[in-house]
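Peer 1: here is my input, please return the structure:
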Amino acid sequence: MVRNITLGSRTFDIVNIIVLGLLLVSCVYPLWYTFCVSISDKAAANAGLVTLYPIGFSLEPYKEIIGDKMFFNSFWISIQRTVLGTSLGLLLTVLMAYPLARPKKDFKARNVFMWILVFCMLFNGGLIPWYLTIQNYQMIDTIWALVLGGGVPVFDVILIMNFFRNLPKELNEAAVVDGAGPWSVLFRVYIPCSIPVLAAVALFLSVYHWNEFFNGLVLSNTSANYPLQTYIQQLVVNIPVGTNLTPEQYKKLSELSNRTLNSAKVFIAMVPMLIVYPFLQKYFVSGIMLGAVKE
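Peer 2: Below is the predicted model:
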């Protein structure tokens, strides 16, 4: 294909590069700034002198976070929670969205369940009933409380349901003619055609389970069962302040500030998601009808 390079096309290319470059800087700079603050000197960070590069050099925030066995324990709990929560949440979300996407003649109670879901999305029973429910199932202080406490996000159910409804009906009819049952249609037709939306929902779930800290604070009785975000939050809150401090604690406080520690916390929390995201990104640009061609 021969492209006619005109002044207008060149101008568009230049403007496009500038705009995309500014968007790239706006996305990368906050990450870089957070990292620079986390390794900068306490005084420089508190004075707001850190901009494009670190001032001074200090790894005390990372030593404070990583130099504790509790850190690795909470990191492992967060990995378990993210893997289990994403896998189970995606499975339950698909299993709920599939019947809701079927025509009313196939699932007569569809509208009733749909209204229940919408009501649950707009209103909730509150913190105390939610906690009592988890307690009655004897899941307090277990990994399952963190996984099942918010296992089925209603928004994700509606997102996948609408995607299923937009798939061509001919796919379902062809599968039924070939003798496929509901389970075969779901796992051999609907899911292969829905890789992009499933990848997006999987990313939403993984980010939620990795970054959420409040459930760990409420549903875990011992700090040994805290996920990473809850552990780091408690680490910041529990920095000793007062008169009865040891010389080592005074030295630690003189080298550490909440700003540098919070920056280290945020940066550590971002790294796993930054590693996972590129593997899911390729599915966002895939064709919507991936796998829908019937030979």
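Peer 1: helix or strand for residue 164, which one?
Peer 2: Residue 164 is part of helix 154-166, with elements assigned from DSSP states H and E.
Peer 1: how far does that helix sit from its chain's centre?
Peer 2: 18 Å (Cα atoms, centre = their mean, to the nearest Å).
Peer 1: tabulate the CA atom coordinates of it in CSV.
Peer 2: Output of helix 154-166 as CSV, limited to C-alpha atoms (Å, rounded to 0.1, in the frame of the first residue of the first chain):
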residue,chain,number,x,y,z
VAL,A,154,-22.4,-7.3,40.8
PHE,A,155,-21.0,-4.8,38.3
ASP,A,156,-18.8,-7.5,36.8
VAL,A,157,-21.8,-9.8,36.5
ILE,A,158,-23.7,-7.1,34.6
LEU,A,159,-20.7,-6.4,32.4
ILE,A,160,-20.2,-10.1,31.4
MET,A,161,-24.0,-10.6,31.0
ASN,A,162,-24.3,-7.7,28.5
PHE,A,163,-21.3,-9.1,26.6
PHE,A,164,-23.0,-12.5,26.4
ARG,A,165,-26.2,-10.9,25.2
ASN,A,166,-24.4,-9.2,22.3
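Peer 1: quick check, pLDDT for the residue minimising distance to the centre of the chain.
Peer 2: Note on the chain: the residue nearest the mean C-alpha position is residue 207, at 0.8 Å, using Cα atoms, centre = their mean. Residue 207 is assigned a pLDDT of 84 by the prediction.
Peer 1: and the helix holding residue 164, what does it pack onto?
Peer 2: Packing partners of helix 154-166 (3 or more Cβ pairs under 8 Å, 6 or more residues apart in numbering; DSSP states H and E): helix 69-101, helix 110-122, helix 195-211. (Glycine included, C-beta is placed from N, CA and C.)
Peer 1: for residue 21, find the nearest of those helices.
Peer 2: helix 195-211 (25.2 Å; Cβ to Cβ).
Peer 1: and the next helix or strand past the closest one?
Peer 2: Immediately after helix 195-211, counting by DSSP H and E, sits helix 214-219.
Peer 1: tell me which other helices or strands whichever helix or strand comes after that following helix touches.
Peer 2: Next in sequence after helix 214-219, counting helices and strands by DSSP H and E, comes helix 228-237. Under the contact criterion of 3+ Cβ pairs under 8 Å, 6+ apart, helix 228-237 touches helix 60-66, helix 69-101, helix 195-211, helix 214-219, helix 258-284.
Peer 1: in TSV: those helices, plus distance to residue 228.
Peer 2: Listed next are the helices and strands packed on helix 228-237 as TSV, based on distance: least, Cβ to Cβ, whole Å:
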stretch	distance to residue 228
helix 60-66	10
helix 69-101	4
helix 195-211	8
helix 214-219	9
helix 258-284	7
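Peer 1: so which of those helices is nearest residue 177?
Peer 2: Among those, helix 69-101 sits nearest to residue 177 (Cβ to Cβ), with 19.5 Å.
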